[in-house]
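In: All I have is the shape, not the residue letters:
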């Protein structure tokens, strides 16, 4: 994603817009792009930043290690969120201003929010889950 953003002269404008307050929602690789620190990035890998978190890429293993699980998600009413993790990152450090929105049963953080930014480790679109996108839209409206 970084390489494409640079190749199409979008990296700096997107970085600047996010820094200026553009509401932004990052899913999986998008979470990595919004993290201030990528713990195991490839040489030269950077993101847009903005979320005071540290993330680890592919924290659960490869494609064959993908899984689905039901999560409690702060701000989402009703049934638990059915989440699909596909080569997903994990949040290993959360800054003081970051709100944890969801965690796995063992406490690992998989969803965060800070100001106008929200990031999640999983793919709600795979399971047909719309409530997280609805939460983001309501966040933007507020």
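Out: The structure has been received and is ready for your questions. Since the structure is predicted, the reported quantities are computational estimates derived from the model, not experimental observations.

In: what are the ranges of the strands in this structure?
Out: Ranges of strands in the chain, per DSSP state E, are 24-27, 35-38, 51-56, 67-71, 81-85, 90-94, 99-103, 109-114, 117-120.

In: quick one: which of the ones you listed is nearest residue 1?
Out: Across the strands of the chain, residue 1 has its closest neighbour in strand 24-27 (9.7 Å, C-beta to C-beta). In this view, the C-beta of every residue, glycine as well, is placed from N, C-alpha and C.

In: which residues are contacting that closest one?
Out: 18, 32-34, 48, 50, 116-120, 122-125, 133, 136 (C-beta atoms under 8 Å, 6 or more residues apart in numbering).

In: Sheet-wise, list the partners of that strand with their directions.
Out: strand 117-120 (parallel) (DSSP bridges).

In: and the strand it pairs with, what's its mean pLDDT?
Out: For strand 117-120, mean pLDDT is 98.

In: how far does stretch 60-76 stretch from start to finish?
Out: End-to-end distance of stretch 60-76: 25 Å, with C-alpha to C-alpha, to the nearest Å as the criterion.

In: Show me how far it is from its chain's centre.
Out: From the chain centre to the centre of stretch 60-76 is a distance of 12 Å (C-alpha atoms, centre = their mean, to the nearest Å).

In: Likewise for stretch 16-24?
Out: Centre to centre, stretch against its chain (C-alpha atoms, centre = their mean), the figure for stretch 16-24 is 15 Å.

In: Show me which positions of that stretch end up buried.
Out: 18, 24 (16 or more other C-beta atoms under 10 Å).

In: ok so, going back, what subset of the contacts of strand 24-27 is buried?
Out: Buried among the contacts of strand 24-27 (16+ other C-beta under 10 Å): 18, 32-34, 48, 50, 117-120, 122-124, 136.

In: how about JSON lines for the strands of the chain, with distance to residue 140 added?
Out: Formatted as JSON lines, the strands of the chain follow (distance: least, C-beta to C-beta, whole Å):
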{"stretch": "strand 24-27", "distance to residue 140": "9"}
{"stretch": "strand 35-38", "distance to residue 140": "20"}
{"stretch": "strand 51-56", "distance to residue 140": "16"}
{"stretch": "strand 67-71", "distance to residue 140": "22"}
{"stretch": "strand 81-85", "distance to residue 140": "19"}
{"stretch": "strand 90-94", "distance to residue 140": "22"}
{"stretch": "strand 99-103", "distance to residue 140": "15"}
{"stretch": "strand 109-114", "distance to residue 140": "12"}
{"stretch": "strand 117-120", "distance to residue 140": "10"}
